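Peer 1: pasting the sequence and the predicted coordinates here, then a few questions.
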Amino acid sequence: MFDTPSERVFKLIAGLAARFFAAPMATVSLIDPERIRFVAVHGLPAPRHMARDDGLCARAIARGAPDVVRDALTDPRHAGNQFVRDHQIRFYACAPIVSSDGQPLGTVAVMDTRARTCSDEQISALEDLAAVVMEQLELRLTALDALGIERRLRDAAEYARDDARLDREIAEHARDTAHRDRDDALLDRDNAIRGRDIAEYDRDMTEQYAAVLQRTLLPPLLPEIEGASVASHYHPASPRRVGGDFYDLFALSDNRWAFFIGDVEGHGVDAAVATSLIRYTLRSAALHYSDPTDGLAELNSVLLRELNPRRFCTVLFGCLEPLSVGEGFRLTIATGGHPPALLLDPASGEATEVRSRDGMLVGMIPTAKFDACEVSLRPGQTLLLYTDGIIEARRAAIPFDQENLAAFAVERAGLGAKGVIEELATLIPKLRPDDDIALIAISAH
């Protein structure tokens with residue numbers, strides 16, 4: 001069980017939790033009415049499961065909120081706990097794993113052998129890791145649903161092949177008598193109707209599976225940023241195929257935000273697993289590292305260590321923070337083999353490429369090098385980030401390359417982030433791209 005991609009992810013989450021707290025022990029656990037099951041442990045030889053009453057997470061589960069025990073040996077709730085005595089635990093902190101309907105399913109916890117405290121930022125990181133565990137559980141459920149759909153489709157295909165063999169046998173026999181011809185004609189009509197129904201069912205089930213899985217890999221809502229506007233768009237190349245393009249924009253503090261956009265090699269469920277791993281690794285790295293190039297280096301190590309078979313990706317990973325009031329924002333952007341962003345200035349009518357000098361593919365080789373650059377986003381300007389599906393498409397017989405994208409976008413830069421994205425979303429279907437496309441735009445007011 002612990003060799004599946006999801007279980008390797010849970011082990012990585014336990015390790016990240018321990019690193020954020022500089023603690024020697026961490027666990028990822030799921031609960032049922034009678035027991036606690038450890039799906040990942042770090043730094044202690046914990047059992048695969050234990051009685052629920054012997055655990056330390058009862059308060060966090062009951063409240064649906066993080067719980068911190070500074071010294072378990074002096075805390076009357078835990079001083080006599082066998083797990084505490086066996087592992088010499090004094091400090092304990094956990095965050096609940098909560099489903100979309102508010103049900104607590106388990107915890108991500110860290111432990112130390114010395115009494116101590118922790119920061120609000122560490123607790124926030126622990127909550128983020130618990131949310132990532134929930135996302136992995138939902139992704140696994142979606143994959144199981146997909147297997148069920150595939151099994152039904154296979155049964156339907158076998159049924160259709162049986163019908164085809166029956167049709168051939170009836171057709172050969174029908175040549176002997178006119179009466180059998182009339183019966184065969186009626187049977188053929190019924191089979192044709194049934195075949196169309198099966199084909200329509202196949203298409204509907206495949207499209208529903210792809211749509212549900214794709215939604216789990218994209219942010220449901222972008223944050224509001226004072227002094228700026230943001231917009232995004234995702235265009236799948238096929239409704240029946242899960243893509244590997246991804247993006248996100250999220251707050252790090254009251255006046256600092258992180259963002260990324262990228263493209264994973266390949267498509268399908270394996271690409272979706274890689275995309276989920278990339279998203280939570282970059283989110284965690286944004287909280288842990290101030291330099292985005294360190295975040296890409298961390299992601300490079302995780303992809304090489306966790307994915308088998310190996311998959312690489314391209315990424316732009318950066319942070320956004322305001323300058324003085326009314327002067328816009330400063331952006332720091334690290335490059336991992338991804339096409340450059342475009343800085344659109346409606347006043348000058350220019351579109352400037354924004355990309356550091358170096359930046360190799362992420363997840364390709366252990367010695368990959370990454371670089372970052374800084375750019376100011378002044379009031380009225382828009383930063384456009386995109387994946388390569390749009391610059392590999394064609395407009396009639398003419399390739400819609402990076403130069404054409406820059407010209408199209410800067411002509412509409414005065415519309416701001418939302419207007420530029422809406423215009424591109426209208427254009428993309430006309431280009432008939434054969435690859436997925438992700439877009440995100442940020443404008444300063």
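Peer 2: Now that the structure is in, tell me what you want to look at. Residues are numbered from 1 along each chain as shown.
Peer 1: show me where pLDDT drops low in the stretch 51-200 of the chain?
Peer 2: Residue ranges of the stretch 51-200 of the chain with pLDDT under 70: 143-164, 166-179, 181-185, 190-200.
Peer 1: kindly recompute the last result at 90.
Peer 2: 52-55, 58-59, 62, 76-77, 79-80, 82-83, 86, 99-103, 135-200 (pLDDT under 90).
Peer 1: let me see the contact set for Gln88.
Peer 2: Applying Cβ atoms under 8 Å, 6 or more residues apart in numbering to Gln88 gives the contacts Thr113. Using the backbone N, CA and C atoms, a C-beta is placed for each residue, glycine as well.
Peer 1: how much space between it and Val108?
Peer 2: The gap separating Gln88 from Val108 is 21 Å, by Cβ to Cβ, to the nearest Å.
Peer 1: cool, and Arg77?
Peer 2: According to Cβ to Cβ, Arg77 stands 20 Å off from Val108.
Peer 1: looking at these two, which has the bigger crowd around it?
Peer 2: Counted by other Cβ atoms under 10 Å, Arg77 and Val108 do not tie: Val108 has more neighbours, with 31 against 11.
Peer 1: shouldn't that one be within a strand?
Peer 2: Yes - membership of Val108 in a strand is supported by DSSP: H, G, I helix; E, B strand; the rest coil.
Peer 1: looking at it, it is touching Phe10, isn't it?
Peer 2: No - contact criterion Cβ atoms under 8 Å: Val108 and Phe10 do not qualify, at 9.2 Å.
Peer 1: shared neighbours of the two, anything?
Peer 2: With contacts taken as Cβ under 8 Å, 6+ apart, Val108 and Phe10 have 28, 133 as neighbours in common.
Peer 1: this protein: helices as residue ranges?
Peer 2: 5-21, 58-63, 82-87, 120-174, 178-215, 269-288, 292-306, 402-411, 416-431 (DSSP state H).
Peer 1: residues contacting Arg232?
Peer 2: Small correction: residue 232 is Ser, not Arg. Shown in contact with Ser232 (Cβ under 8 Å, 6+ apart): 219, 222, 247, 249, 421, 438-441.
Peer 1: and if you look at Glu422?
Peer 2: Contacts for Glu422 (Cβ under 8 Å, 6+ apart) come out as 231, 415.
Peer 1: tell me the confidence at it?
Peer 2: Note on Glu422: pLDDT of 98.
Peer 1: how near is it to Leu252?
Peer 2: From Glu422 over to Leu252 (counting by Cβ to Cβ), the distance is 28 Å.
Peer 1: swap in Ile13?
Peer 2: Counting by Cβ to Cβ, the gap from Ile13 to Leu252 is 19 Å.
Peer 1: and these two? Which one has more around it.
Peer 2: Neighbours were counted for Ile13 and for Leu252 using other Cβ under 10 Å; Ile13 has more, 26 against 17.
Peer 1: roughly how far apart are the closest residue to that one other than its chain neighbours and Leu16?
Peer 2: Excluding the flanking residues, the one nearest Ile13 by Cβ to Cβ, 6 or more residues apart in numbering is Leu129, at 5.1 Å. Leu129 sits at a distance of 6 Å from Leu16 (criterion: Cβ to Cβ).
Peer 1: find residues that contact each of these two.
Peer 2: Common neighbours of Leu129 and Leu16 (criterion: Cβ under 8 Å, 6+ apart): Ser284.
Peer 1: for the residue nearest to Ile13, grab the count of nearby residues.
Peer 2: Leu129: 25 surrounding residues under other Cβ under 10 Å.
Peer 1: again with the one 10 residues further on
Peer 2: The burial count assigned to Leu139 is 21, neighbours taken as other Cβ under 10 Å.
Peer 1: surely it touches Ala272?
Peer 2: Yes - at 7.0 Å, Leu139 counts as touching Ala272 under the criterion of Cβ under 8 Å.
Peer 1: and the closest residue to Leu323 other than its chain neighbours, bridged to which residues?
Peer 2: What sits nearest to Leu323 in space, not counting adjacent residues and going by Cβ to Cβ, 6+ apart, is Arg330, at 5.7 Å. Note on Arg330: beta-bridge partners by DSSP bridges are Glu321, Ser376.
Peer 1: and for Arg330, the neighbour number?
Peer 2: Number of residues near Arg330 (other Cβ under 10 Å) recorded here: 14.
Peer 1: which residues touch it?
Peer 2: By Cβ under 8 Å, 6+ apart, Arg330 lies in contact with 320-323, 374-377.
Peer 1: going by distance to Asn404, which of the residues you listed wins?
Peer 2: Each of the contacts of Arg330 was checked against Asn404 using Cβ to Cβ; the closest is Val375, at 22.4 Å.
Peer 1: read off the pLDDT value for Ala272.
Peer 2: At Ala272, the model reports a pLDDT of 84.
Peer 1: so Leu12 makes contact with Leu303?
Peer 2: No - between Leu12 and Leu303 there is no contact under Cβ under 8 Å: 11.1 Å.
Peer 1: joint contacts of these two?
Peer 2: With Cβ under 8 Å, 6+ apart as the test, Leu12 and Leu303 both reach Leu277.
Peer 1: shaky segments in the stretch 201-350 of the chain?
Peer 2: 201-221, 237-244, 253-254, 265-274, 276, 280, 306-310, 325-326.
Peer 1: can we see that at 50?
Peer 2: For the stretch 201-350 of the chain, the stretches with pLDDT under 50 are 201-202, 204-213.
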